[in-house]
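In: structure, please.
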Amino acid sequence: MSHLILVIDDDRKLNDLLTAYLPQFDMQVISATHPDEGLACLRKQSPSLVILDLMLPGRDGLAVCREIRHESSVPIIMLTARGDLPDRVAGLELGADDYLSKPFEPRELVARIQTVLRRSGETRAPGLSRERFRADALIVDLRSRTAWLDGTVLDLTTTEFEILALFLHHPGRVMNRDQIMESVRGIDWDAYNRSIDVAVSRLRHKLNDDPKRPRYFKTIWGTGYLFLPTPELIQAESAGA
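Out: The predicted structure is shown next:
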């Protein structure tokens, strides 16, 4: 199965390199050198993944990432010539799935793309779980990688869904940051440990979960997090009906 990769970067040489290099890994590339052009391509082409540069003309990649996340959960890998920790954290806070600093080896980018696509469900391995869970007002389908809250589909990023699925598979168990990092592979979490807290905070917000009166995620201070409802395995049904 071929994947369509959208590259938004004003470096034309890099765009040409990726356009020539990625097809050997079953990836087709469309590229844009301006944010507006890139967003138009996103809406028209529905790519499998977006490679987004931080430094862009008109507005930076963080602003573009924010706009993408307002309308899509497509996986995003951010590129930057700046390797500063605040930039990395800011990108993850806005919903990016991975981060790669320039210069980089094209093969490393390929590995990261494949990992993020695998985690996002774009490339599903045989025998992937077909389980569907109900936890209070939340329904999660691991096959379609879709979650509903009170009948409404949640717009979760790849990382947020992975964290939710992890807790569904370990009911009643407190998960610490190291365990979450081990499960949610593909991101250089070690460089910015607090990004785990950021991801859980974003997930809580989408679940309308008040940390002071938690319905789903309880913070266990000094340890990690506990998923409060006891999830039950349910048969396939028309969720949200």
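In: after the helix or strand encompassing residue 100, next one along is what?
Out: Assigned by DSSP states H and E, residue 100 falls within strand 98-101. For strand 98-101, the following helix or strand on the C-terminal side (DSSP H and E) is helix 106-120.
In: convert the C-alpha atoms of that next one to PDB, please.
Out: Listed next in PDB are the C-alpha coordinates belonging to helix 106-120 (Å, rounded to 0.1, in the frame of the first residue of the first chain):
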ATOM      1  CA  PRO A 106      17.000  10.600   4.700                       C
ATOM      2  CA  ARG A 107      17.000   7.000   5.900                       C
ATOM      3  CA  GLU A 108      16.400   8.200   9.400                       C
ATOM      4  CA  LEU A 109      13.400  10.200   8.200                       C
ATOM      5  CA  VAL A 110      12.100   7.100   6.500                       C
ATOM      6  CA  ALA A 111      12.300   5.100   9.700                       C
ATOM      7  CA  ARG A 112      10.500   7.700  11.600                       C
ATOM      8  CA  ILE A 113       7.800   8.000   8.900                       C
ATOM      9  CA  GLN A 114       7.300   4.200   9.000                       C
ATOM     10  CA  THR A 115       7.100   4.200  12.800                       C
ATOM     11  CA  VAL A 116       4.600   7.000  13.000                       C
ATOM     12  CA  LEU A 117       2.400   5.400  10.300                       C
ATOM     13  CA  ARG A 118       2.600   2.100  12.000                       C
ATOM     14  CA  ARG A 119       1.500   3.700  15.300                       C
ATOM     15  CA  SER A 120      -1.200   5.700  13.600                       C
END
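In: now do the buried residues in that helix.
Out: Residues 109, 110, 112, 113, 114, 115, 116, 117, 119, 120 are the ones in helix 106-120 that count as buried (16 or more other Cβ atoms under 10 Å). Where C-beta positions appear, they are placed from N, C-alpha and C, glycine not excepted.
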